[in-house]
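>>> Attaching a predicted model along with its sequence, questions to come.
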Amino acid sequence: MAESENPNHYKKSIQTYDAIVSQLSSLEVVGFLRSQILKYTMRFGAKHGSTTEACLMDVKKANWYSAKLELQLQGLGSPKQKAPDYVTKPNITNLFDKDKDGR
């Protein structure tokens, strides 16, 4: 991870990310990573004065968590294996179902 995604205040004897995921089940890690991706995507550019640099930082952070999620999902089984129930259960996208009907 580049310095902008992993500033010095995160550098400790154990990375905060590693400490968090060490306490979570596979299901919880997937949820944690999805929430981090959403967080950085939804706040895109809203911090640090909405500069291009701030936008890039949020994109890089979302991508970092997305790469971690990809690795996590790869570790759950073969690519042709059915995804675990917690991956396919209804999620936030269901909140937008009404948009499909134009209401």
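Done, it's in. Residues are numbered from 1 along each chain as shown.
>>> Rounded mean pLDDT for stretch 44-53, please.
Mean pLDDT, stretch 44-53: 81.
>>> in that stretch, what counts as buried?
For stretch 44-53, a neighbour-count test (16 or more other Cβ atoms under 10 Å) marks residue 45 as buried. In this view, the C-beta of every residue, glycine as well, is placed from N, C-alpha and C.
>>> Longest helix in the chain, by number of residues?
Counting residues, the longest helix found in the chain (DSSP state H) is helix 52-74.
>>> Summarise which helices and strands that helix is packed against.
helix 26-42 (3 or more Cβ pairs under 8 Å, 6 or more residues apart in numbering; DSSP states H and E).
>>> for the helix it packs on, which positions count as buried?
Quick answer for helix 26-42 (16+ other Cβ under 10 Å): 29-30, 32-34, 36-37, 40.
>>> same question, stretch 59-70
60-62, 64-66, 68-69.
>>> And those, which is closest to residue 53?
Closest approach to residue 53 among the buried residues of stretch 59-70 (Cβ to Cβ): residue 60, at 10.4 Å.
>>> how near is that closest one to residue 16?
17 Å (Cβ to Cβ, to the nearest Å).
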